[in-house]
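> Prediction below, plus the sequence it came from.
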Amino acid sequence: MALFTRADGQFLFARWGRPLVPVVFGVEDATVSILKGAIEAVVALAGHKMAETDPELGANLMIFFLRDWAELTQTPNLDRLIPDLPETVARLERADANQYRAFRFDAEGGIKAAFVFVRMDAALAEAPAETIALSQIVQTILLWSDTAFLGTSPLAVLSDGGPAILKPEIAGLIRAAYDPVLPVAATDPSHALRLAARVGRAQ
């Protein structure tokens, strides 16, 4: 399945192996509520769980909103979370990127932490907060391919200026991915067939 096959041809699938504990930086309280509402909705869709605290990390889903990538190098202790932080910032600046996600994994290969960075450029500034929130959590609930959503979006917009909704096929895939019978991580492409079979049965 292309959504989990990386640009180098490697198949790599992972879902969260523990409850999500989110924390949001750089936005007003009203926007924090929108973000947490989107996280709760997608976690419920997956049949997964949230918690008040992670016993190992405290918070395991950190979402940062910023206006310039250079802010990352000025954030205390962030270099402990993001290896090679100066090089990463330089690469994001060269690419004129507006988002970046970094994941950490447990011994079984499941996601144990994610760090999400959103640079509010002109394009994102025009998008509804609900759309940004939903897009970020959908792209963080699973380890998608690095090319999964290039040129396309996991969301669909029903009306001009209105908030987006999750595409049904992506929603079905998220539900299938969290089937407790399936492993939290896989590198064998046959895993895609198991996912497809579950999506097919649900339709």
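Alright, I've got the coordinates. Quick caveat: nothing in here was measured; it's all calculated off a predicted structure. Residues are numbered from 1 along each chain as shown.
> For the one residue sitting closest to the centre of the chain, which non-adjacent residue is closest in space?
Relative to the mean C-alpha position of the chain, the nearest C-alpha, by Cα atoms, centre = their mean, is the one of T140, at 1.4 Å. Nearest non-adjacent residue to T140, counting by Cβ to Cβ, 6 or more residues apart in numbering: A114, 5.0 Å away. All C-beta atoms are positioned from the backbone trio N, CA, C, and that covers glycine.
> after the helix or strand harbouring that neighbour, next one along is what?
Here A114 sits within strand 111-119, counting by DSSP states H and E. Using DSSP H and E, the next helix or strand after strand 111-119 towards the C-terminus is helix 122-125.
> what comes up buried for that next one?
Applying a neighbour-count criterion of 16 or more other Cβ atoms under 10 Å, one finds L124 buried in helix 122-125.
> which helix is the longest one in this structure?
Scanning the chain for the longest helix, with DSSP state H as the assignment, gives helix 29-46.
> Could you list the residues in contact with the helix or strand following it?
Once the chain leaves helix 29-46, the next helix or strand it forms, by DSSP H and E, is strand 61-66. In this structure, residues lying in contact with strand 61-66 by Cβ atoms under 8 Å, 6 or more residues apart in numbering are 20-27, 31, 35, 39, 72, 75, 81, 113-120, 136, 140.
> Kindly recompute the last result at 7 Å.
For strand 61-66, contacts defined as Cβ atoms under 7 Å, 6 or more residues apart in numbering pick out 20-27, 35, 114-120, 136, 140.
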